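Trainee: quick one: sequence plus predicted model below, questions after.
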Number of protein chains: 2
Amino acid sequence: MSHSQTAQPLAIGVDVGGTAIKTLLVDAQLRPLHSLTAATDTTSSGATYASIVQAIEQTLASAGYATAQVCAIGLGVPGQNDAQAGIVRLAVNLHWQDFPLTARLTDHFGVPCFLDKDLYMATLGAFRFDNPTRTRNLAYVAIGTGLAAGIILDGALLRGPHGIAGELGHVIVEPSGAPCNCGVRGCLETIVSATGAVRLAREAIARGDVTSLRDRAPLTARAVYAAAAQGDGVAVAIVDRIGAELGRALRTVVMCYDVEEIVLGGGVTQAGEQFLRPVLDEWERQRRRAALARKVLRPEMVRLADPTRNMGAWGAAAVALERVMG
Amino acid sequence: MSHSQTAQPLAIGVDVGGTAIKTLLVDAQLRPLHSLTAATDTTSSGATYASIVQAIEQTLASAGYATAQVCAIGLGVPGQNDAQAGIVRLAVNLHWQDFPLTARLTDHFGVPCFLDKDLYMATLGAFRFDNPTRTRNLAYVAIGTGLAAGIILDGALLRGPHGIAGELGHVIVEPSGAPCNCGVRGCLETIVSATGAVRLAREAIARGDVTSLRDRAPLTARAVYAAAAQGDGVAVAIVDRIGAELGRALRTVVMCYDVEEIVLGGGVTQAGEQFLRPVLDEWERQRRRAALARKVLRPEMVRLADPTRNMGAWGAAAVALERVMG
């Protein structure tokens, strides 16, 4: 199928991850035309870049559009970026340091390209496309290897002068807890993250707890949630602990920002209800005890991101289109 | 001394507290002319109101100005306010419920009056008048009976749709800790507040710890800090604990908002260095361990509010003047 005669400009959003690249092709009305997921080749700086080019070209080819029809490309990239200059300052997993991503892509595709932190693109995506109540105050909490939140206040993304606003993964919740990668003990993401789930599982096994987790290889967060779903008591205790900790952290999010919607995204949340239920259980425990909690922690505020859509690619596509269409 | 011939318009800022009313008279260039502190008579709704009128009139009389020279009055009030309508919705300690404060005062003084939460007025005061680095991202943390933060992001006060943004006192830091007034256990303000200091002191005494706190009556936060200053080991442990907890909470503030200045105000901070040192000790412990902490938790970011000036009255005076002068 070829649509090369279509005059309407298209935009592409790209969510660049250390494992996979996810694309979304949209028309000028932000209607989705095609999306794909491709593996990221991170063997070198150039390989990562080539993976992105290939994913974009493949998206167009699969959908039957020509490169000439694309008017803009938006990209969400993990790491430290200079969004204004379009330069990735440091993305360790992608082997990029001071990499001029947008300039390179503009040279290649001949269209304006826009870069931002992957978390910000996903947050904008959730705000625009996964916001049924149309609130102007929303938090998108990404829970994967680590944990971080993107925050929309009165309709605008909170960036902060040093780009650390929303680094909730490094809030200390257990002062004498496990060492965090950051160097201190007991950061939220030592518990609420894929890394945290695996650590808690390893500790249970090392303690000699009777659990089916012993036989799971590889021992991943997904395996922990799967074991919990099958009624493994040790796994249930782990996912309950993660949920209680996240429930308290989301209370912090509400108290700090006064957001009206909290969208939970990232790999770990793919466990679905198994992931969400213990979080809401913690809120319910607080609501039973406290009028303040009943007033400000309403269960309908918290939900899982739509698992069928990549919010990072959606946000990146919207940003790209808005920048060129004005 | 009489200045009644002066044509220049004046403004008055009022910080209304459950114990004391603090006023500040400024000229059109926001230069301070006079300030006073008067006791609040909270025996009834009307008595509280009369205390405010009297404090304002006394301020003008003491400074030798006539009521006619005042062009606006700003007021910071604890509790739930409808700032737009000028109505105090609920201020339990002042015996006010749906009290039309600005309408009453405008009737009396014949000038526009402006009302806002006392915390917001103090935050605006700190941002305008106690901000040597001229940052546009600042947190003002008020530590008294409870704890709450006012937040300035990119130069604007964060209000949030329900007025709870900055309610850090109800972040849970010790899930199985002491019961909080709000109903759940282990909120930050069960430890970091005047109430928290007194509770920890009472617990130490009840445990049978050897401490001079036994002989202090009344047993107040001030008494705990005074005992710590005199080397009482139990009191030192309490102020160290409060400082460590607040240090972690201020890390949360930085991670959440990316503020560049944190001003600590409120009654408990009048203990001065005795209060501040353990907070910075906690940051120093984190900095010794972690590059992230060394980067984002710079000790010069945290300081005590100027104890000689009431930031609430300063903020209220500035708001009043700006509203009428445009």
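Mentor: On my side now, so go ahead.
Trainee: test my guess that A:Ala122 contacts A:Asp15.
Mentor: Yes - contact criterion CB atoms under 8 Å: A:Ala122 and A:Asp15 qualify, at 7.3 Å. C-beta coordinates here come from the backbone N, C-alpha and C atoms, glycine included.
Trainee: what is in contact with these two at once?
Mentor: When CB atoms under 8 Å, 6 or more residues apart in numbering or on different chains defines a contact, the residues bordering A:Ala122 and A:Asp15 alike are A:Gly76, A:Gly312.
Trainee: past the longest helix along chain A, which element shows up next along the chain?
Mentor: Assignment by DSSP state H gives helix A:233-257 as the longest helix of chain A. Scanning forward in sequence from helix A:233-257 by DSSP states H and E, the next helix or strand is strand A:261-265.
Trainee: what sits up against whichever helix or strand comes after that next one?
Mentor: Scanning forward in sequence from strand A:261-265 by DSSP H and E, the next helix or strand is helix A:273-289. Applying CB under 8 Å, 6+ apart, the contact partners of helix A:273-289 are A:225, A:228-229, A:239-240, A:242-244, A:246-248, A:250-251, A:264, A:268-269, A:293-294, A:297, A:299, A:302-304, B:183-184.
Trainee: put the buried members of those residues into a PyMOL selection.
Mentor: Listed next is the PyMOL selection for buried residues among the contacts of helix A:273-289, using 16 or more other CB atoms under 10 Å in any protein chain shown:
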select buried, (chain A and resi 225+228+239+240+242+243+244+246+247+248+250+251+264+268+269+293+297+302+303+304) or (chain B and resi 183+184)
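Trainee: the closest residue to A:Tyr140 other than its chain neighbours: what's it in contact with?
Mentor: Among residues not flanking A:Tyr140 along the chain, A:Thr123 sits closest, at 4.1 Å (CB to CB, 6 or more residues apart in numbering or on different chains). A:Thr123 sits next to A:Leu138, A:Tyr140, A:Gly150, A:Ile151, A:Ile152, A:Leu157, A:Met311, A:Gly315 when contact means CB under 8 Å, 6+ apart.
Trainee: the stretch 1-150 of chain A against chain B: which residues are in contact?
Mentor: Counting by CB under 8 Å from any CB of the partner chain, the stretch 1-150 of chain A comes close to chain B at A:Thr135, A:Arg136, A:Asn137.
Trainee: so the first one lies in a strand, does it not?
Mentor: No - residue assignment for A:Thr135, taken from DSSP: H, G, I helix; E, B strand; the rest coil, gives coil, which places it outside any strand.
Trainee: domain parsing of chain A, as residue ranges.
Mentor: A:10-123+A:310-325, A:132-304 (automatic domain parsing).
Trainee: of all these, which lies closest to B:Gln29?
Mentor: B:Gln29 sits nearest to domain A:132-304 of all these, at 29.6 Å, using CB to CB.
Trainee: distance between that closest one and the chain's centre?
Mentor: 13 Å (CA atoms, centre = their mean, to the nearest Å).
Trainee: stretch A:302-321 now?
Mentor: 9 Å.
Trainee: assign the residue nearest to A:Tyr140 to helix, strand or coil.
Mentor: helix.
Trainee: separation between A:Tyr65 and chain B?
Mentor: 39 Å (CB to the nearest CB, to the nearest Å).
Trainee: sorry, that was for A:Ala55
Mentor: Relative to chain B, and taking CB to the nearest CB, A:Ala55 is found at 32 Å.
Trainee: next one: A:Asn131
Mentor: With CB to the nearest CB as the criterion, A:Asn131 and chain B are 14 Å apart.
Trainee: wait, isn't that residue in contact with A:Glu261?
Mentor: Yes - A:Asn131 lies in contact with A:Glu261 (CB under 8 Å); the separation is 6.4 Å.
Trainee: look at these two and report which has more neighbours.
Mentor: A:Glu261 (22 against 17; other CB atoms under 10 Å in any protein chain shown).
Trainee: for the more buried one, give me the pLDDT.
Mentor: Here, the pLDDT recorded for A:Glu261 equals 98.
Trainee: one more: the one 3 residues further on?
Mentor: Looking at A:Leu264, its pLDDT reads 98.
Trainee: so it makes contact with A:Leu304?
Mentor: Yes - if you go by CB under 8 Å, A:Leu264 and A:Leu304 touch, sitting 5.3 Å apart.
Trainee: pLDDT weak spots in the stretch 1-150 of chain A?
Mentor: For the stretch 1-150 of chain A, the stretches with pLDDT under 70 are A:1-7.
Trainee: quick one: the strands in it?
Mentor: A:10-16, A:20-26, A:32-39, A:70-77, A:80-82, A:87-91, A:96-99, A:113-117, A:138-143, A:147-153 (DSSP state E, counting those that start in this stretch).
Trainee: now render these as CSV, adding mean neighbour count.
Mentor: Output for the strands of the stretch 1-150 of chain A, formatted as CSV (neighbours: other CB atoms under 10 Å in any protein chain shown):
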stretch, mean neighbour count
strand A:10-16, 29
strand A:20-26, 24
strand A:32-39, 16
strand A:70-77, 26
strand A:80-82, 18
strand A:87-91, 18
strand A:96-99, 18
strand A:113-117, 24
strand A:138-143, 28
strand A:147-153, 27
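Trainee: what about the nearest residue to A:Asp116 once chain neighbours are set aside, distance to A:Phe114?
Mentor: Leaving aside its chain neighbours, A:Asp116 sits nearest to A:Ala83 (4.7 Å; criterion: CB to CB, 6+ apart). Applying CB to CB, to the nearest Å, the value for A:Ala83 to A:Phe114 is 8 Å.
Trainee: what is the neighbour count of A:Glu270?
Mentor: No, residue A:270 isn't Glu; it's Gln. A:Gln270 - counted by other CB under 10 Å - has 17 other residues nearby.
Trainee: got it, and A:Val324?
Mentor: By other CB under 10 Å, neighbour count at A:Val324 equals 17.
Trainee: show me the beta-bridge partners of the residue lying closest to it once chain neighbours are set aside.
Mentor: Take A:Val324 and drop its neighbours on the chain: the residue closest to it by CB to CB, 6+ apart is A:Ala72, 4.3 Å away. Note on A:Ala72: beta-bridge partners A:Ala11, judged by DSSP bridges.
Trainee: my guess is A:Ala72 contacts A:Ala318. True?
Mentor: No - applying CB under 8 Å as the test, A:Ala72 and A:Ala318 come out as separate, 10.5 Å apart.
Trainee: any shared contact partners between the two?
Mentor: Common neighbours of A:Ala72 and A:Ala318 (CB under 8 Å, 6+ apart) do not exist.
Trainee: I figured A:Ala55 hits A:Leu25, correct?
Mentor: No - contact status for A:Ala55 versus A:Leu25: not in contact, 11.0 Å apart, counting by CB under 8 Å.
Trainee: for the residue lying closest to A:Gly86 once chain neighbours are set aside, give its distance to A:Leu75.
Mentor: Nearest in space to A:Gly86, with sequence neighbours left out and distances taken as CB to CB, 6+ apart, is A:Thr102 at 2.9 Å. To A:Leu75, A:Thr102 is 8 Å away according to CB to CB.
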